[in-house]
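*Asks:* Return atomic coordinates for the entry below.
(one chain, ligands or ions: 1)
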Amino acid sequence: MSNLSLAKDKIRILLLEGIHQNAVTLFKSHGYRNVELLPGALDGEELKAKIADAHMIGIRSRTKLTAEMLEAADKLMAIGCFCIGTNQVALEAARDKGVPVFNAPYSNTRSVAELVIAEIIMLARGIPHKDRLCHQGGWLKTADGSYEVRGKVLGIIGYGHIGSQVSVLAESMGMKVRYFDIIDKLPLGNAAPCDSMEELLEISDYVTLQVPATPQTKNMFRREQIRAMKPGSILLNLARGNVVDIDALTEALEDGHLRGAAIDVFPKEPASKDEEFISPLRGQPNVILTPHVGGSTQEAQANIGNEVADKLVRYSDNGSTLGAVNFVEVSLPVQEGVTRFLHIHRNVPGVLAHINEVFSSRGLNIAGQYLMTDGEVGYVVVDISGDIEAGMGVRKGLEAIEGTIRTRFLK
Ligand code: NAD
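*Replies:* Numbering: from 1, shown residues only. Below you'll find the predicted structure:
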């Protein structure tokens with residue numbers, strides 16, 4: 001049967017944009033020797049030529065995998081986005097070609113949480129303003145408007161991966177943590193949930209937003225919510241740029257309703273370091289502005305290298321699609337003593353019956369079967385016990401089924 005599955009050293013992996021070396025190490029440790037790592041992004045004909053030969057490709061945010069580009073990628077079986085976002089990939093076009101796309105949504109959780117904590121302390125002490133003055137030769141030596149964070153209330157909106165990490169770190173500094181989430185979340189330590197966002201805003205000295213981008217969180221922090229915060233409190237947004245109304249925030253800082261803010265994400269961010277960053281928040285005294293670097297650390301890059309390479313290896317080795325962003329997610333056991341057949345097809349009626357027929361008509365025993373479908377694409381995994389002769393025509397039989405997009409065999 002081994003002549004039906006592609007040997008690992010024949011699987012070509014193309015990694016672009018200087019992806020962390022951890023990824024290469026992980027691929028090699030799993031027997032994938034054919035790994036090419038390029039320092040920059042590719043585009044146009046150069047990318048087309050390279051991708052036509054690749055079985056797996058790893059990119060970050062600068063390589064655009066459009067539908068047209070994917071058309072050239074006939075051998076491609078999986079895409080790894082070694083970053084958080086995946087909108088540089090035509091996800092539906094990839095899915096329609098039977099190509100799952102993986103990313104690393106949580107590798108930088110700790111990095112963001114640490115920056116939130118650092119900024120809370122800096123803002124509590126009015127450091128941004130004092131720092132700027134020192135750089136200009138000033139010396140604002142005063143305890144006025146300078147506070148410890150111990151004993152103060154931190155309100156966390158969105159108690160997910162980052163929110164809960166912030167919760168643990170803040171409690172260890174003696175802060176009282178309250179949080180609001182739209183779903184029930186188990187509190188960590190002595191943190192306690194609030195019944196409503198209004199309740200949280202009313203009691204919090206510091207409010208940090210840790211929500212995802214959804215239709216509900218778009219502009220969720222407008223004038224009304226900012227004014228509902230305690231007078232003299234501080235707002236942090238290291239989540240998404242369109243969650244906070246920046247004009248309403250600027251107004252609240254200027255009239256003193258808020259004592260400070262830390263903003264890492266903006267409604268409009270410069271596309272590169274050559275473009276000017278424009279914001280009414282520029283020049284505000286107790287405001288920390290950072291260029292969307294909440295999750296940008298060496299450790300996060302290393303984690304991303306591991307996480308995405310691991311997802312690609314799992315998919316290549318055993319067919320698991322757990323963590324795919326455009327594909328049905330199937331977590332599969334390691335295949336032992338079986339041959340595994342993967343069948344990706346358009347979600348049309350009758351495919352499963354045809355697949356079973358291919359095996360039963362050849363007297364093959366199905367040891368396990370896994371099936372998941374979404375609206376467009378179905379994914380069936382069949383484990384066959386015993387020996388299978390290459391000449392049995394299983395592959396041909398599966399490929400002949402109407403609606404088949406792609407088949408793979410793992411042994
Ligand atoms: P997560 O999915 O683990 O957690 C988000 C939480 O928010 C979930 O518990 C969810 O139930 C909750 N939530 C959703 N809608 C809500 C609402 N309307 N009100 C209250 N709670 C709501 O996500 P995460 O990994 O913790 O990331 C949080 C945010 O941080 C995301 O927007 C992510 O994009 C952003 N992020 C920013 C950076 C950066 O560089 N600044 C880095 C990583 C992540």
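*Asks:* Going by proximity to the ligand, name the top residue of the protein.
*Replies:* G160 (1.7 Å; Cβ to the nearest ligand atom). The way it works is simple: take the backbone N, C-alpha and C, and place the C-beta from them, glycine included.
*Asks:* check which helix or strand covers the residue nearest the centre of the chain.
*Replies:* Most central in the chain under Cα atoms, centre = their mean is P105, positioned 2.1 Å from the mean C-alpha point. P105 belongs to no helix or strand when elements are defined using DSSP states H and E.
*Asks:* doesn't D383 fall inside a helix?
*Replies:* No. Counting by DSSP: H, G, I helix; E, B strand; the rest coil, D383 is not found in a helix; it is strand.
*Asks:* Which stretches in the stretch 301-411 of the chain count as helices?
*Replies:* 351-360, 394-399 (DSSP state H, counting those that start in this stretch).
*Asks:* quick revisit: return the residues in contact with the residue nearest to the centre of the chain.
*Replies:* I84 (Cβ atoms under 8 Å, 6 or more residues apart in numbering).
*Asks:* Which pLDDT value goes with it?
*Replies:* According to the prediction, P105 has pLDDT 93.
*Asks:* Any stretches of the chain with poor pLDDT?
*Replies:* The chain contains residues with pLDDT under 70 at 1-5.
*Asks:* wait, V265 sits on L236?
*Replies:* No. At 10.6 Å, V265 does not count as touching L236 under the criterion of Cβ atoms under 8 Å.
*Asks:* Tell me which of these two has more neighbours.
*Replies:* Ranked by neighbour count (other Cβ atoms under 10 Å), V265 and L236 place L236 first, with 27 against 20.
*Asks:* Each with direction, which strands does the helix or strand hosting that one pair with?
*Replies:* Counting by DSSP H and E, the element that carries L236 is strand 233-237. Paired neighbours of strand 233-237 in the sheet (DSSP bridges): strand 206-209 (parallel), strand 258-263 (parallel).
*Asks:* Give me the contacts around that strand.
*Replies:* 116, 119-120, 123-124, 204-209, 221, 226, 229, 243-244, 249, 258-265.
*Asks:* How about stretch 114-132?
*Replies:* 140, 145-149, 152, 154, 162, 166, 169-170, 173, 175, 206, 208, 210, 234, 236, 238, 259-262, 264, 285-288, 290, 293-294.
*Asks:* Which of those residues fall in helices?
*Replies:* Members of the contacts of stretch 114-132 lying in helices (criterion: DSSP state H): 162, 166, 169-170.
*Asks:* what's the closest non-adjacent residue to S111?
*Replies:* Counting by Cβ to Cβ, 6 or more residues apart in numbering, S111 lies nearest to T297, which is 4.2 Å off, once chain neighbours are set aside.
*Asks:* I figured the one you found hits T109, correct?
*Replies:* No. In this structure, T297 is not within contact of T109 by Cβ under 8 Å, at 11.0 Å.
*Asks:* more crowded one of these two?
*Replies:* Ranked by neighbour count (other Cβ under 10 Å), T297 and T109 place T109 first, with 20 against 17.
*Asks:* is it fair to say D274 lies in a helix?
*Replies:* No. Counting by three-state DSSP, D274 is not part of a helix but coil.
*Asks:* Need phi/psi at it.
*Replies:* D274 adopts backbone torsions of phi -90, psi -10, taken as degrees, to the nearest 10.
*Asks:* now what about whatever helix or strand comes next after the strand holding L236, what contacts it?
*Replies:* The helix or strand immediately downstream of strand 233-237 is helix 246-254, counting by DSSP H and E. By Cβ under 8 Å, 6+ apart, the residues outside helix 246-254 that reach it are 221-223, 226-227, 229, 235, 258, 260-261, 263, 266-267, 279-281, 284, 286-287.
*Asks:* can you do 6 Å?
*Replies:* Contacts with helix 246-254, where a contact means Cβ atoms under 6 Å, 6 or more residues apart in numbering, come from 222-223, 226, 258, 280-281, 284.
*Asks:* Enumerate the positions of that helix that are buried.
*Replies:* Buried residues in helix 246-254, counted by 16 or more other Cβ atoms under 10 Å: 246, 248-253.
*Asks:* how much does it deviate in direction from strand 258-263?
*Replies:* Calculated by axes from the mean of the first three to the mean of the last three Cα atoms, to 10 degrees, helix 246-254 forms an angle of 140 degrees with strand 258-263.
*Asks:* So this structure: which segments form each domain?
*Replies:* With domains defined by automatic domain parsing, the chain comprises 1-107+298-332, 109-289, 334-411.
*Asks:* got the strands paired with strand 233-237 as a markdown table, with mean neighbour count columns?
*Replies:* Output for these, formatted as a markdown table (neighbours: other Cβ atoms under 10 Å):
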| stretch | mean neighbour count |
| --- | --- |
| strand 206-209 | 26 |
| strand 258-263 | 25 |
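*Asks:* Would you reformat the ones you listed as JSON lines and include distance to Y379?
*Replies:* Below are those laid out as JSON lines (distance: least, Cβ to Cβ, whole Å):
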{"stretch": "strand 206-209", "distance to Y379": "36"}
{"stretch": "strand 258-263", "distance to Y379": "41"}
